[in-house]
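S.K.: Turn this into a model:
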Amino acid sequence: MVNLTGGYDQGLSATIANYDRAFPARFYTFTETHPNVRLNNAGIPTFRCRLASRRQGARGLKSLKTLGLYLRENIS
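M.R.: Okay, here's the model as predicted:
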């Protein structure tokens with residue numbers, strides 16, 4: 001099973017521990033784009049988010065629809 005919304009920071013660590021590590025090869029957890037990430041800086045924040053999450057054990061990155069809506073509407 002692939003969990004596309006595994007969270008970030010401590011939530012991601014807990015999800016990976018409870019599923020991916022408890023049941024190897026049965027679960028794969030993706031991290032979510034952190035709400036504070038801004039994509040208008042040449043992808044650097046996104047890269048850092050992916051790198052930190054990868055170290056925690058995340059298998060991929062999902063950008064949430066909410067992030068796109070915030071960027072499109074220029075909401076802070």
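S.K.: for the strand ranked longest in the chain, packing partners?
M.R.: Scanning the chain for the longest strand, with DSSP state E as the assignment, gives strand 28-32. Here strand 28-32 touches strand 2-3, helix 9-15, helix 44-56, strand 60-62, going by 3 or more Cβ pairs under 8 Å, 6 or more residues apart in numbering; DSSP states H and E. Every residue, glycine included, has its C-beta placed from N, CA and C.
S.K.: could I get that strand in PDB with only the CA atoms?
M.R.: Provided in PDB are the C-alpha atoms of strand 28-32 (Å, rounded to 0.1, in the frame of the first residue of the first chain):
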ATOM      1  CA  TYR A  28       5.400   2.900   1.400                       C
ATOM      2  CA  THR A  29       4.900   6.300   2.800                       C
ATOM      3  CA  PHE A  30       5.200   9.600   0.900                       C
ATOM      4  CA  THR A  31       5.700  12.900   2.600                       C
ATOM      5  CA  GLU A  32       3.500  15.900   2.100                       C
END
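S.K.: Average pLDDT for it, rounded please.
M.R.: Average pLDDT, strand 28-32: 91.
S.K.: and Ala52, how many residues sit next to it?
M.R.: 15 (other Cβ atoms under 10 Å).
S.K.: My error: substitute Leu51 in the last question.
M.R.: By other Cβ under 10 Å, 9 other residues sit near Leu51.
S.K.: quick one, which of the helices and strands packed on strand 28-32 is nearest to Glu73?
M.R.: helix 44-56 (18.8 Å; Cβ to Cβ).
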